[in-house]
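Enquirer: Generate a structure from the sequence data that follows.
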Amino acid sequence: MTLRKCLNNGLVLAASLWAGQVLAWGQQGTALVGELAQRQLTPEAKAEALRLLGQIKQNDLAVVANWAGNLEKNPQNRVLWENTRNQRMVVYKSDDCTFQLTRDCPDGACTVAAIEQNRTALADPKAPNQARLMAMLFLIHHVSDASSPLNNSFKDDRGGYDYPVQAAGKSYNLRQVWDDFLLGAARLDVKAYADKLQQGLPAADSSNPAQWSQQACRIVRDDNIYPQKAAGKRKLPSKQGMDDDDGGDTDYSAKTLAYNRTGKEYSRGDKLMNEKTTRTGGFDASYMSTFVPVAEQQVQLASVRLAQLLNAALVAGRPGS
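Expert: So this is what the prediction gives:
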């Protein structure tokens, strides 16, 4: 399969997911990173980004931001998914949160190495346009991952997927809280949310993805993002346990996305902002209020880091540079 067909297949799928699946950190958060980063591009870098995006008739980084995250859902992209699936995280072998390449990135399979690999490809003026486009799309996803706490963790729970929590009498996992609920609490679509977050963008902290990952890891270690007294043996959420309160509808993802896209459906994050009862191993309005700003900060940081990277690599890789 050609790179062009691979890209187009993924983008068709991403469009369908946008209309029917949850806007998670891998969806809404990554789209926010792409949108905010595009607003920070220099004129030269933006022109080159648009030139590359023109190959697939797109002009918006937010729209294509989740292409890399949806590879596994398209059978035609299965080989590419298998070759890149282990690049989505940094699993630290110690809570020192000090990135060590041979220890924390065996065989170069981690987010930090993937960023460096794709940065090099994007900055290569001899690379084919389609290869550079693919590198840019991977960079949006990987820089978002490098800034997401649960993607840079020393915990033995698959990035929070195996850590059960409860809210409003229902079972979830910590990953859902960070991927879905925190950013969903704002009740804003991507453009409106980007308008809000653009007002307080931080300065670039580093150009080194290892340092980005370390900063995210320290949030896991130091900021108490794990609800206290969680019962390790508590049953993980079932499909039934993830039903909506109002209708018992098991199509969890579609309803959450519909809200963020159209404003016609509620967000669980919004509902949980009013959850006052703290349960053992649970989360409530206090948890949401504490960590929504942290999630927003990490999205802002990711966008600044991505823009800094793209501003350099896009221009360096222009044909004839």
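
Enquirer: Go ahead and list the helix or strand containing residue 125.
Expert: Under DSSP states H and E, no helix or strand contains residue 125.

Enquirer: swap that for residue 295, please
Expert: Mapping residue 295 onto the secondary structure by DSSP H and E places it in helix 285-316.

Enquirer: Can you point out the buried residues in that helix?
Expert: Of the residues in helix 285-316, 285, 287-288, 291-292, 295-315 count as buried by neighbour count, 16 or more other CB atoms under 10 Å. For the C-beta atoms, the positions are set from N, CA and C on the backbone; glycine is no exception.

Enquirer: I'd guessed residue 62 sits against residue 27; true?
Expert: No - using CB atoms under 8 Å, residue 62 and residue 27 do not qualify as a contacting pair, with a distance of 10.6 Å.

Enquirer: what pLDDT does the closest residue to residue 98 other than its chain neighbours get?
Expert: Nearest residue to residue 98, sequence neighbours excluded (CB to CB, 6 or more residues apart in numbering): residue 214, at 6.5 Å. pLDDT, the model's per-residue confidence, is 97 for residue 214.

Enquirer: give the contact list for residue 214.
Expert: In this structure, residue 214 makes contact with 97, 98, 99, 152, judged by CB atoms under 8 Å, 6 or more residues apart in numbering.

Enquirer: now with 10 Å?
Expert: With contact set as CB atoms under 10 Å, 6 or more residues apart in numbering, residue 214 has these partners: 90, 92, 96, 97, 98, 99, 104, 112, 146, 152, 206, 208.

Enquirer: Check residue 133 too.
Expert: Contacts of residue 133 were listed using CB under 10 Å, 6+ apart, and they are 3-4, 7, 49, 51-56, 58, 64, 67, 122, 127.

Enquirer: which of residue 62 and residue 27 has more neighbours?
Expert: Neighbour tally, residue 62 and residue 27, criterion other CB atoms under 10 Å: the higher count belongs to residue 27, 26 against 22.

Enquirer: Now do the SS call for that one.
Expert: Assigned by DSSP: H, G, I helix; E, B strand; the rest coil, the conformation of residue 27 is helix.

Enquirer: and the gap between it and residue 191?
Expert: Distance of residue 27 to residue 191, computed by CB to CB, to the nearest Å: 15 Å.

Enquirer: Pull out the buried positions in stretch 92-107.
Expert: 92, 97, 99, 104, 105.

Enquirer: Equivalent analysis for stretch 154-162, please.
Expert: 154, 155, 157, 159, 160.

Enquirer: Then stretch 191-208?
Expert: Neighbour-count burial for stretch 191-208 flags 193, 194, 197 (criterion: 16+ other CB under 10 Å).

Enquirer: which SS class is residue 218?
Expert: On the three-state scheme (three-state DSSP), residue 218 is labelled helix.
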